[in-house]
Structure formats: structure tokens, C-alpha cells
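A.B. asks: Below are the sequence and a predicted model for it; my questions follow.
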Amino acid sequence: MHGERPVADARRRRFEHLASEVYEPVQRYVRRRVDPDAVDDVVAETMMTLWRRLDDVPANAKLPWAYGVARRHVANHRRAGLRHLRLVKRAESEPRPLPASDTPLDAELHTALAGLDDPDRELIHLWAWEQLEPAEIAVALGLTPNAVSIRLHRAKKKLGENLEVARKNEMLSGHSRREKEERS
Amino acid sequence: MNDDDLRNRLAASNPTPPSEPVDPITSGRARALMEDIMSVAVKEPRVERPRFGRLSAVAAAMAVVVGGAALLGGLGASGDPLVLTGPGGDPTASCLVFDVETLADMSPAFGGTVVELTDSVATIEVDRWYTGGDAGIVEIQYTPGFEALIGTPTLEVGQRYLITAADGVVNGCGYSGLATADYEAAFATAFGA
């Protein structure tokens, strides 16, 4: 129909511009959270959603909004392993795989983060790994900035407490190891 | 440890730091992906389609018990209905005790109002997605005559429900139901919204 082509071209240009801004950081976001084998699929699903919802992408917060889309696809991917759970009783649920990484493991930090619930851990990761500020995290999570600030404050406090416990436990286990070595 | 120290320590544990190379948008692979994506037709927003002119007065009087379903569509876009179909589930299965943690594992999860019922399809206009999609419309297809599962909601036109599914199966056992204030609060807690 007359006039459709320019509209389609304009949409393509808008998406290409958006993709140039978010494609690479979205890949990193996804890599941090899912198995390497699933990264390409989750990234492609995220980009597809961005294409379909192009008109909903806020001009002043494209990347946080894209992270929000990626977050839902990551969650869907993770839940795929749990879908067989259904609502019938099962003895065990499947463990969530940790993303592969060459980064040296900070054991205390890993333990402390594991002690957070999933929403708090995601808040912390968006803050530290994606380097988002509360207003941007709010866009990614669909919350108000005020709610994010409060929850982030609590999550950081809880993480600090967990780190202190992990540090003490590490000291105690190191002490026990030394005692055993001295006896033997 | 202050905020900066904590953030730096966390950043040092980042499994994919910003300096790590990823597929650039200029690569042939990325170009091919974007072209594939842009070849997908995008429909006009749902509100511009005369979909809801087909409400049936007879259907409005019907009440239907919805059981299990298999997911036909994947994630729906705003203009594409997400289609769930049935029947499914095991009538002899027992229910898990309802808890928010289990609820949080369900996908999709959404809130919406039943706008149309026929003898085989319930059409729900979604006003809130908690997870697992963004369609404006969800159609739940079911086979007449299947046995009601324990704890499944009875759908009626005009009523608002909160619904979850797992592996395409619409959940009963208290994991889908009428949108009461308490139930909304449970969903908000489960999905962090």
C-alpha cells in the first residue's frame, strides 16, 4: 500500500540504531547469567522482543529497558529446567547452573551472594556488573526508583553481613586446617 | 567496607567484564540475525483491531473450568495472542502446598480479564504480565468434556484472574485463580513487581 514502505524503512532504521546501542551489552548481560550454550538463543529472543516492542522502548533508557527484556528471557530459560516440576509433588528440584567463567572465584563473595534471594542478587548484579544506577535499575525491573533505592540498600546491607559471616567461617576453617596439619 | 569497595569487589568477580569481547554489531553473524529479526512482520497494536466486537451474550453466561494445556505459541508479542490449549494434567496428581517460592518459578504468569468464552476457547485480555510474555491477549483452548482438575479456577466473562502455567499447562492447585487483593499481593511478592 502507498506509504507503507517509508514506514517500514523508518522502523528498520530505528531498530538498527537501537541494536547498535544494546546488542553488545545485552550479550554480556546474558553471558553472566546463563550457560554458554544458551547465550545465543537468549540474546536472539531478546533482540526479537525489542523489534516487536520497538515502540515501547523509552528513548532515555534504552539499555536498562533492554536489560529488563533480557532478564525475562533469562528467567524463562532458567525456568525451563523447572517446568517439569508442574504442581505435582517432587522430591527434588534441579540445581541452577552457574555461568562459566575464567574470573578467579572470590569464595567469600560467592558464598555471601548465594545467601541472598534471587531478586536481591539480581539487584546487586545490575548495580555492580551492569554498573546501573537506581533509576536505571528501576527501568530494568519495572519498579519505582524509590523502591529500588530501598531494596538496594537492604540488599547491600545483607550482603555485607553475609560477607562478614563468610570471612569468619573461612578463618575458622583455616584455623582447623592448620591444627590438623600440626597434629599430623 | 563502603559502597565503592563493595562495588569494586563485585565488579572484580564479574564473569564477563565490559572489556571482554563479544560479537560486534558489525559482524556478519550479527547482521544476519538482525536481518532475520527485521523480516518478521510486526502487527499493528491490538487495540486497533476490532477483536472485541465479537463478544457473545450466550458465551457471557457460560462458566468453564480450565484445566491443563500445551503451549502452542512461544512468547507472544503485544499484537500476537499467546495460545494455550488443552486438555492436560493428571487428575490423580496431588497438589503442592501453595507457597510464593514455587509460584515464582511459574511462567508465564499474568493478570487479565476474561472477555470471551466459547465451548472451546477462553479469551483473556491481559492487563499485567508478571513474566513469560507480553501478549495483549491469551487464548486458552480446551477440549469439552475433560475432567476438572483439583483446584482449577472457574472462568467467567468479566471476571479478572491471575493465571500461571508451567510447560504450557495452566496451573490449578491455587496457582491460578480469581484476582483478590491477597492473591495480587502474593504475585507481587513472587515476581518482584
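C.D. replies: Received the coordinates, thanks. Residues are numbered from 1 along each chain as shown, chains lettered A, B, ... in the order given.
A.B. asks: all contacts plus neighbour counts: C-alpha atoms, from now on.
C.D. replies: Will do.
A.B. asks: For chain B, which segments count as strands?
C.D. replies: B:63-65, B:70-71, B:82-85, B:109-117, B:121-131, B:137-141, B:154-156, B:160-166, B:169-170, B:177-178 (DSSP state E).
A.B. asks: Do you have the helices of chain B handy? List them.
C.D. replies: B:3-12, B:28-38, B:57-60, B:100-104, B:181-191 (DSSP state H).
A.B. asks: Pick the most buried one from those.
C.D. replies: helix B:100-104 (a mean of 17; mean count of other Cα atoms under 10 Å in any protein chain shown).
A.B. asks: just to revisit the earlier point, can I get the strands of chain B in TSV including mean neighbour count, mean pLDDT and distance to chain A?
C.D. replies: Below are the strands of chain B laid out as TSV (neighbours: other Cα atoms under 10 Å in any protein chain shown; pLDDT from 0 to 100; distance: least, Cα to the nearest Cα, whole Å):
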stretch	mean neighbour count	mean pLDDT	distance to chain A
strand B:63-65	18	32	17
strand B:70-71	20	32	12
strand B:82-85	24	69	14
strand B:109-117	23	86	11
strand B:121-131	21	86	6
strand B:137-141	23	82	15
strand B:154-156	19	74	18
strand B:160-166	24	85	5
strand B:169-170	28	74	8
strand B:177-178	20	86	15
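A.B. asks: Which of these sits closest to B:Ala32?
C.D. replies: strand B:82-85 (27.0 Å; Cα to Cα).
A.B. asks: give me the element A:Ala138 is part of.
C.D. replies: A:Ala138 is located in helix A:134-141, with elements delineated by DSSP states H and E.
A.B. asks: Off-centre distance for whichever helix or strand comes after that helix?
C.D. replies: Moving toward the C-terminus from helix A:134-141, the next helix or strand (DSSP H and E) is helix A:145-183. Chain-centre distance of helix A:145-183: 22 Å, with Cα atoms, centre = their mean, to the nearest Å.
A.B. asks: In contact with residue 20, which residues?
C.D. replies: Going with chain A. B:Ile25 (Cα atoms under 8 Å, 6 or more residues apart in numbering or on different chains).
A.B. asks: element containing it?
C.D. replies: A:Ser20 belongs to helix A:4-31, assigned by DSSP H and E.
A.B. asks: With respect to the helices of chain B, which exhibits the lowest mean confidence?
C.D. replies: Of all the helices of chain B, the minimum mean pLDDT falls on helix B:57-60 (a mean of 26).
A.B. asks: Next, format the strands of chain B as JSON lines and append distance to B:Met1.
C.D. replies: Putting the strands of chain B into JSON lines (distance: least, Cα to Cα, whole Å) gives the following:
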{"stretch": "strand B:63-65", "distance to B:Met1": "56"}
{"stretch": "strand B:70-71", "distance to B:Met1": "48"}
{"stretch": "strand B:82-85", "distance to B:Met1": "48"}
{"stretch": "strand B:109-117", "distance to B:Met1": "39"}
{"stretch": "strand B:121-131", "distance to B:Met1": "35"}
{"stretch": "strand B:137-141", "distance to B:Met1": "49"}
{"stretch": "strand B:154-156", "distance to B:Met1": "54"}
{"stretch": "strand B:160-166", "distance to B:Met1": "42"}
{"stretch": "strand B:169-170", "distance to B:Met1": "47"}
{"stretch": "strand B:177-178", "distance to B:Met1": "46"}
